[in-house]
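# sequence first, predicted coordinates after that:
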Amino acid sequence: MTINSRMVYSVGGVILLALLFRALSPILMPFAIAAVLAYMGDPLVDRLEERRIGRSAAVVIVFSCLTLVSLIIVLVTLPILLDQVQLLITRLHAFVQWFQAEALPQLRAFLDLPDRGQPPIDSAKEALSKNWNAAGGVLLYLWQKISGSSMAFITWMANVALIPVVTFYLLRDWDLMTAAIRKLLPRSREQLCVDLATECDDILGAFARGQLLVMLALAAIYTIGLWAVGVDLALVLGLVAGLASIVPYLGFLVGIVAAGVAAYFQFGLSWELLAVAGVFGVGQVLESVLLTPTLVGDKIGLHPVMVIFAVLAGGQLFGFLGVLLALPAAAVFKVLFSYLHQRYLISQWYSEGGLPLTPTDEESLSEPRQ
């Protein structure tokens, strides 16, 4: 088989794999989440194996500990979270009433718009009462949607139930699967593939473990800070800002805007607004100076613009599954692009028309990055 035919088959295989991934993305979510959890738990299992504990017993220990910690967190935070969500709904209803009664008339007066005499919400209610037959059709349509969504909800719950089962089996057979994949590699390229996979593992490990700890730490900092200020929705706002920090500066922007609006409607123009800004300012400084350098380090090396593009592109192509796997995929692509860049610099194509590289340069470029 010639080099050109190998290239054609390789590109065709990658395209078919991407199309298959896109077609199966609705059912791949539990498997993707389970693979991420198994990847993060495998080092703990390996450490227990080093202490002469069997693989299955080590998986049971790690899996049980993770499940117990998750249940404790859910049981502690879920009641508070439900109360704050109910409070959030009440605040949103009050905001709509305020906007309709006060802000909208002032906006019309400022823009010199004619007064329609009746608020839009009341007009909608009146139109609904005059067209009850049509409204009945709308209600029937909504009922059909709700009935269909119940099946979607059942499917979603089944997928959630699959996650721990798939995680357990992947975690138990993780080393066997990696060994089987290594046996399939071409013998002439095995060491190169192992070196690239090792570098990808360093980047993915730094991202999966370090970035998760950064997100949890920021969520705790924002929640405790907002609670100390006295914001009623401290837990909801802190969790949202912490989770959104997976994208650089997004958690800070979303958190400070949402918390500022919540504090304004709770306290008005007072010192609490400055305190909210101070909480997010302290969180941003701690993330830049302490959390990210300590927990993540410089192994990932993804530019913030690349991170934002990867998340948006993953969501556009594969939905939420693409968002979940966007940054790990971007880290892998970065490693592969760095290798291709090195090969390009020592290729004849690059040296044509310019000064040829010395043997020392070729040797340094051909060495895999550590």
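Great, that's in hand. Numbers count the residues shown, from 1 in each chain.
# beyond the helix or strand containing Val257, next helix or strand please.
Val257 is part of helix 250-267, with elements assigned from DSSP states H and E. Heading C-terminal from helix 250-267, the first helix or strand you meet, by DSSP H and E, is helix 271-286.
# got the buried residues for that next one?
By 16 or more other Cβ atoms under 10 Å, the buried positions in helix 271-286 come out as 272-273, 275-276, 279-280, 283-284. In short, each C-beta sits where N, CA and C put it, glycine included.
# can you check stretch 232-252 too?
Neighbour-count burial for stretch 232-252 flags 232-248, 250-252 (criterion: 16+ other Cβ under 10 Å).
# likewise for stretch 66-76?
Within stretch 66-76, the residues that qualify as buried are Leu66, counting by 16+ other Cβ under 10 Å.
# who touches that stretch?
Stretch 66-76 is contacted from outside by 37, 41, 164, using Cβ atoms under 8 Å, 6 or more residues apart in numbering.
# name the nearest of these relative to Ala330.
Leu37 (20.1 Å; Cβ to Cβ).
# give me the average confidence score over stretch 273-293.
Per-residue confidence for stretch 273-293 averages out to 87 on the pLDDT scale.
# what sits up against that stretch?
Contacts with stretch 273-293, where a contact means Cβ under 8 Å, 6+ apart, come from 210, 213-214, 217-218, 221-222, 225-226, 228-229, 231, 241, 245, 252, 255-256, 259-260, 263-264, 267.
# per-domain residue ranges of the chain.
Domain assignment of the chain by automatic domain parsing yields the ranges 21-116+126-175, 216-292.
# which of those domains has the lowest mean pLDDT?
The bottom spot among those, by mean pLDDT, belongs to domain 21-116+126-175, with a mean of 74.
# can you give me the end-to-end distance of it?
Separation of the first and last residues of domain 21-116+126-175 by Cα to Cα, to the nearest Å is 24 Å.
# picking that back up, so which of the buried residues of stretch 232-252 are in helices?
Judged by DSSP state H, helices contain the following of those: 234-244, 250-252.
# can you lay out those as CSV showing distance to Gln342?
Compiled in CSV, these are given as follows (distance: Cβ to Cβ, whole Å):
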residue, distance to Gln342
Ala234, 49
Leu235, 48
Val236, 47
Leu237, 45
Gly238, 43
Leu239, 42
Val240, 41
Ala241, 39
Gly242, 37
Leu243, 36
Ala244, 35
Leu250, 33
Gly251, 35
Phe252, 36
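# which of these sits closest to Val59?
Closest to Val59, out of all of these and judged by Cβ to Cβ, is Leu243, at 27.8 Å.
# residues in contact with that closest one?
When the contact criterion is Cβ under 8 Å, 6+ apart, the partners of Leu243 are 215, 219, 251.
# next: Ala109.
Residues in contact with Ala109, defined by Cβ under 8 Å, 6+ apart, are absent; none qualify.
# distance of it from Trp98?
Between Ala109 and Trp98 the distance is 16 Å, computed by Cβ to Cβ, to the nearest Å.
# what does Ala275 give?
23 Å.
# and Ile33, by the same measure?
Using Cβ to Cβ, we find Ile33 at a distance of 40 Å from Trp98.
# with Asp83 instead?
In this structure, Asp83 lies at 22 Å from Trp98, with Cβ to Cβ as the measure.
# can you pull the buried residues of stretch 192-205?
Using 16+ other Cβ under 10 Å as the burial criterion, the residues of stretch 192-205 that qualify are 195-197, 199-200, 202-205.
# now, of the contacts of stretch 66-76, which are buried?
When these are checked for burial by 16+ other Cβ under 10 Å, the buried set is 37, 41.
# format the contacts of stretch 66-76 as a markdown table; extra columns: distance to Leu345.
Shown next, in a markdown table, are the contacts of stretch 66-76 (distance: Cβ to Cβ, whole Å):
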| residue | distance to Leu345 |
| --- | --- |
| Leu37 | 39 |
| Gly41 | 39 |
| Pro164 | 47 |
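# same list (the contacts of stretch 66-76) but as a markdown table, adding secondary structure.
Formatted as a markdown table, the entries for the contacts of stretch 66-76 read as follows, by DSSP: H, G, I helix; E, B strand; the rest coil:
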| residue | secondary structure |
| --- | --- |
| Leu37 | helix |
| Gly41 | helix |
| Pro164 | helix |
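# out of the contacts of stretch 66-76, which comes closest to Leu104?
After measuring those against Leu104 - Cβ to Cβ - the closest member comes out as Leu37, at 48.1 Å.
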